[in-house]
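# Test case, fold it:
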Amino acid sequence: MIIEERSLVIIGAGPAGLAAAVKAKKKGMEDVLLLERDNQLGGILKQCIHNGFGLHIFKEELTGPEFALRYIRKISEMGIEYKLDTMVISIDENKNITTVNPQDGLRIYKAGAIILAMGCRERPRGALRIPGTNPSGIFSAGTAQRFVNIEGMKPGKTAVILGSGDIGLIMARRMTLEGMKVKAVCEIMPHPGGLTRNIVQCLEDFDIPLKLSHTVTQIHGRTRLEGVTISRVDENYRPIEGTEQYIKCDTLLLSVGLIPENELAEEAGVLLDPATKGALVNQHLETSVDGIYACGNVLHVHDLVDYVALEAERAAESAVRRLKGKSESGTKRISVIPGNGVRYTVPQFIDKGSKDEKIKIYFRSGSILKSVRVNAVCKGKTIYSKKFKRLVPAEMEYIKIPTEDLKGSKVLIEAVEK
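Model (predicted):
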């Protein structure tokens, strides 16, 4: 078995992995290896043919493939090494990466640092436990997106979408443009799961009904889906008897959440956050295992791909500093705790010793909040406060807290409505 030493290994060549590789090379790291299990670079962006990408990074509106191509060209121009069709089998706490591909067979890379950029996967039907039969015609929204945009096939003629995540909303518009009839988008929560712009552009502009506090409670059909029963749910998300409605359709799309791909991280001993399902990281995006970093949707699910790429650049900068012996991690650790109104924060802890005067704390609210003030509280004292007109769970926000005022062992991030 071949064991090869490498300085920086990046796992995953979607938007996070591509951006991290380019930034690491720009920062002077010559030995960068990018590993991708697919047969092409670009990750999920290859099938995202809608526009809306690149406004923050490239200052213009691009489609997903165009956004990916900008980075792929840089990968080629900068001579960054990458391996396709390469499956990472395992990672251990010593940063040994076991891989297999058709060209090299089984190979182990001993890395000086690792950046995890494996993205996320869709939650399947089995996790929902919807009663009924198991006919054809039930797809995850991402699978349907691939069928339409890559394979050139329509999944059906009439559809119901369960979940109002961004992929589901975008597919509601896409299937309508392909001639399908989208009869309803059902969302179990009392608020939409996707960005406001997608609610407007993908549903309202096409007169597609959005049924909040509704879910699918029965699937009908034997060989092919014939229809679904939907019901209103109460405040505990239980179906309300007497609210059942049958909708005839041959296609059901599931857009019910994304799960970070963290099986490899867990195997390496990386601690995960129950709220994000991603790694616990410090302000440098370093995980609980020294020298392993996480970024993009494997860390927490993002709203915009631009934010994924920007976060990946931060991870790359941190990894390069470490490899050059300039790591700023300290011995004192301060926990970042989500308080009232806040569902989660990233980072989850801060290493004292950073030279940054302020540290960005990203967060999501647990519900829709209006006219709210987000406070950072340390040892009973508010060290930072920022007013927001509106917070929604679908949109990530951030605050910058001063490092000089960080005292004790924890800082609380809370959202208080005025």
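
# isn't there a strand covering D290?
No - according to DSSP: H, G, I helix; E, B strand; the rest coil, D290 belongs to no strand; its state is coil.

# If you tally nearby residues, what's the number for it?
12 (other Cβ atoms under 10 Å). Glycine gets a C-beta too; all of them are placed from N, C-alpha and C.

# oh, and call the first residue 659 from now on, that's how I've got it
Got it, first residue is 659 now, which makes that one D948.

# quick one: it and I1026, what's the gap?
39 Å (Cβ to Cβ, to the nearest Å).

# Over to D824?
Counting by Cβ to Cβ, the separation of D824 from I1026 is 17 Å.

# okay, these two: which has more neighbours?
Set side by side, D824 and I1026 show more neighbours around D824, with 23 against 15, by other Cβ under 10 Å.

# Which residue ranges of the stretch 959-1076 of the chain form helices?
963-981 (DSSP state H, counting those that start in this stretch).

# can you give me the strands for it?
Remark: strands assigned in the stretch 959-1076 of the chain by DSSP state E, counting those that start in this stretch are 991-996, 1000-1004, 1007-1009, 1016-1023, 1027-1036, 1039-1049, 1055-1060, 1068-1075.

# Mind checking those for the one nearest to S798?
S798 lies closest, by Cβ to Cβ, to one member of the strands of the stretch 959-1076 of the chain: strand 1016-1023, at 22.5 Å.

# now the closest one against strand 1027-1036, angle please.
140 degrees (axes from the mean of the first three to the mean of the last three Cα atoms, to 10 degrees).

# Strand 1016-1023 pairs with which strands, parallel or anti?
strand 1000-1004 (antiparallel), strand 1055-1060 (antiparallel) (DSSP bridges).

# Please enumerate residues in contact with it?
By Cβ atoms under 8 Å, 6 or more residues apart in numbering, the surrounding residues in contact with strand 1016-1023 are 941, 958, 994, 996, 999-1005, 1008, 1030, 1032, 1034, 1049-1051, 1053-1061, 1071, 1073.

# Quick check on the residues you listed: which are buried?
Buried members of the contacts of strand 1016-1023, scored by 16 or more other Cβ atoms under 10 Å, are 941, 958, 994, 996, 999-1000, 1002-1005, 1008, 1030, 1032, 1034, 1049-1051, 1054-1055, 1057, 1059, 1061, 1071, 1073.

# what's around G949, how many residues?
19.

# Hmm, it is touching K753, no?
Yes - in terms of Cβ atoms under 8 Å, G949 counts as a neighbour of K753; the distance is 5.7 Å.

# so what sits against both of the two?
Common neighbours of G949 and K753 are listed as 769-772 (criterion: Cβ under 8 Å, 6+ apart).

# Low-confidence regions, the stretch 859-1008 of the chain specifically.
986-989 (pLDDT under 70).

# so can I have JSON lines of the strands paired with strand 1016-1023 showing distance to I730?
Below are the strands paired with strand 1016-1023 laid out as JSON lines (distance: least, Cβ to Cβ, whole Å):
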{"stretch": "strand 1000-1004", "distance to I730": "27"}
{"stretch": "strand 1055-1060", "distance to I730": "29"}
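
# buried set for stretch 843-859?
The neighbour-count check on stretch 843-859 (16+ other Cβ under 10 Å) flags 843-847, 850-853, 856-857, 859 as buried.

# actually stretch 894-907, sorry about that
Applying 16+ other Cβ under 10 Å to stretch 894-907 flags 897, 905, 907 as buried.

# Residues contacting it, please?
814, 816-818, 841-842, 846, 873, 875-876, 878, 883-892.

# and that stretch, how far out from the chain's middle?
Taking Cα atoms, centre = their mean, to the nearest Å, the mean C-alpha location of stretch 894-907 is offset from the chain mean by 30 Å.

# that older thread, and of the buried residues of stretch 894-907, the nearest to A937?
P897 (35.4 Å).

# For the closest one, which non-adjacent residue is closest in space?
Among residues not flanking P897 along the chain, S889 sits closest, at 4.0 Å (Cβ to Cβ, 6 or more residues apart in numbering).

# Need phi/psi at the one you found.
Main-chain torsions, S889, degrees, to the nearest 10: phi -140, psi 150.

# Can you name the residues bridging to it?
T873.

# ok, it to C844 distance?
Taken as Cβ to Cβ, the span from S889 to C844 is 9 Å.

# Overlap in contacts, these two.
Going by Cβ under 8 Å, 6+ apart, residues that sit against S889 and also against C844 are 872-873.

# Could you chop the chain up by domain?
659-780+916-985, 782-914, 988-1076 (automatic domain parsing).

# Can you say which of these is packed in most?
Most buried of the domains of the chain, by mean neighbour count (mean count of other Cβ atoms under 10 Å): domain 659-780+916-985, with a mean of 20.
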